[in-house]
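J.: quick one, fold the following:
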Amino acid sequence: MPWARASSLHRHMECTAASYLPRLDRGKWSDGYMPSLHNDKRPLTDPPEGPTAAADWGTAMHLAKADREAAAEPFASMWDPYRVNLYPPNLGRHEVALSYDCATGAIERGPSNRPTSEMDAWKNTRAASCVVGTCDWLGVLPSGVAWVDDLKTGWQIPDVVTPQTLFYGLVASKLTRVEECQLSITHWPKRSREPTRENLWYKVGPLALLSFESELQEAWKRMTSRVVERPGPWCKYCPSASVCSKAGM
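T.: The predicted structure is shown next:
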């Protein structure tokens, strides 16, 4: 079982609790990514299930973006005029599972655009020293530079450079053996009928990727040494905050 997921990598790199405390998602508890490190085995009481409209919108939009059979209306029709222009099919693939081993530096490319259960099964078989994630779009530009795009469906215009996109960029650059990567964000706000018109792009070079790789490896070492949890702004959205003694301090 890997120690971190790319989608929450900003928390994993700041605080060890994100890797071993139980997680609350849509009113249900699940084990932490490395539950063997969680010593407190008290029963967890499920709180009432809260609103899930934002998460449901994001899930539906990702399915429609990738033109999956499970895509529902009106999301599929909303994407039809944009999909090929935003994601030229000759340049890449949707929903690609990736893994990076923080102990060895090894990378793996897993299944792409498959059912969630199949993608999760592959990720869960990676080593404990791995970070795993599903890259929304993984491609190679005509110049030979790797290109990764992340679909965001929140209200605010997102940052292009985050631990999540840097992780995808790091693995993509190693896959292509080109020491730079083009990062981009496709922003489609919740309830909007079209994506944000301005595309968000940022090219990261070899020094930035090398620095991020070192930070990732150091975060793994901190987690294995059980450095105490560190509260911060990431606590606000942490799915383990309600069972963490340090959250909000």
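J.: when you work out contacts or count neighbours from here on, use the C-alpha atoms and nothing else.
T.: OK.
J.: tell me how many other residues crowd S36.
T.: S36: 10 surrounding residues under other C-alpha atoms under 10 Å.
J.: and it, that's in a strand?
T.: No: under DSSP: H, G, I helix; E, B strand; the rest coil, S36 sits outside any strand and is assigned helix.
J.: how close does it sit to Y20?
T.: From S36 across to Y20, the span is 7 Å (C-alpha to C-alpha, to the nearest Å).
J.: what's the answer for F167, then?
T.: 20 Å.
J.: which stretches of the protein have low pLDDT?
T.: 37-54, 226-228, 248-249 (pLDDT under 70).
J.: could you pull out the helices for it?
T.: 9-14, 17-20, 53-65, 75-79, 83-86, 116-124, 163-176, 206-224 (DSSP state H).
J.: the more surrounded of F167 and Y20?
T.: Higher neighbour count among F167 and Y20: F167, with 27 against 22, using other C-alpha under 10 Å.
J.: with adjacent residues omitted, what lies nearest to the more buried one?
T.: Spatial nearest neighbour of F167, excluding adjacent residues (C-alpha to C-alpha, 6 or more residues apart in numbering): A6 at 6.8 Å.
J.: pretty sure that neighbour contacts Q164?
T.: Yes: between A6 and Q164 there is a contact under C-alpha atoms under 8 Å: 5.0 Å.
J.: what lies in contact with stretch 211-230?
T.: Contacts to stretch 211-230, defined as C-alpha atoms under 8 Å, 6 or more residues apart in numbering, come from residues 3, 12-17, 19, 102-103, 129, 166-167, 170, 246.
J.: quick one on the thing from earlier: ok, the residue nearest to F167 to F75 distance?
T.: A6 sits 25 Å away from F75, taking C-alpha to C-alpha as the criterion.
J.: neighbour count winner among the two?
T.: Between A6 and F75, counted using other C-alpha under 10 Å, the more crowded position is A6 (21 against 18).
J.: need the contact list for that one.
T.: Applying C-alpha under 8 Å, 6+ apart, the residues near A6 are 131-134, 163-164, 167.
J.: most surrounded residue in those residues?
T.: V132 leads the contacts of A6 on contacts (other C-alpha under 10 Å) with 31 neighbours.
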